[in-house]
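Asks: Structure for this input, please:
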Amino acid sequence: MNRPEVSNLLLLCSLCTGEAPDAIAEQIGDKGASALKKRLMEAVNDYFREMRRRRSQFAADEAYVWSVLRAGNQRANQIADATLDDLRACMGMACYPRT
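Replies: Got it, this is the predicted structure:
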């Protein structure tokens, strides 16, 4: 296709639907850019529908989100502390306390 803007829309639609860009182009046919854009809008909305639903659930339970963030922060700190301990040992600085 010699029209990059159309190719881009077809590619995005393909990524959201799993259909080949050529197949989507054949389905649209001569209906024009507005038909392609409408098809893309529907494909994107369908693709993200489940993620939007889950995000709404999480937004409704702020306490749960904060608990997950706290747990992740604690785990990241444990990994960072272990990494720094290994680094200090390799540098011969294992006797110095953590700050």
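Asks: ok, residue 74 - how many residues close by?
Replies: Using other CB atoms under 10 Å, residue 74 has 10 other residues around it. For glycine as for every other residue, the C-beta is placed from the backbone atoms N, C-alpha and C.
Asks: so it, which of the three states?
Replies: The three-state label given to residue 74 by DSSP: H, G, I helix; E, B strand; the rest coil is helix.
Asks: Which pLDDT value goes with it?
Replies: Note on residue 74: pLDDT of 98.
Asks: Quick check: it vs residue 45, distance?
Replies: Residue 74 sits 37 Å away from residue 45, going by CB to CB, to the nearest Å.
Asks: try residue 90
Replies: 52 Å.
Asks: Backbone dihedrals for the residue nearest the centre of the chain, please?
Replies: For the chain, the residue nearest the mean C-alpha position is residue 51 (9.7 Å; CA atoms, centre = their mean). In terms of degrees, to the nearest 10, the main-chain angles of residue 51 are phi -60, psi -40.
Asks: Likewise for the one 10 residues further on?
Replies: Taking degrees, to the nearest 10, you get phi -120, psi 70 for the backbone angles of residue 61.
Asks: Could you chop this protein up by domain?
Replies: Taking automatic domain parsing as the domain assignment, the ranges for the chain are 1-59, 61-99.
Asks: what's the most buried one of those domains?
Replies: Comparing the domains of the chain on average neighbours per residue, with mean count of other CB atoms under 10 Å, the densest one is domain 1-59 at a mean of 13.
Asks: pLDDT weak spots in this structure?
Replies: 1, 95-99 (pLDDT under 70).
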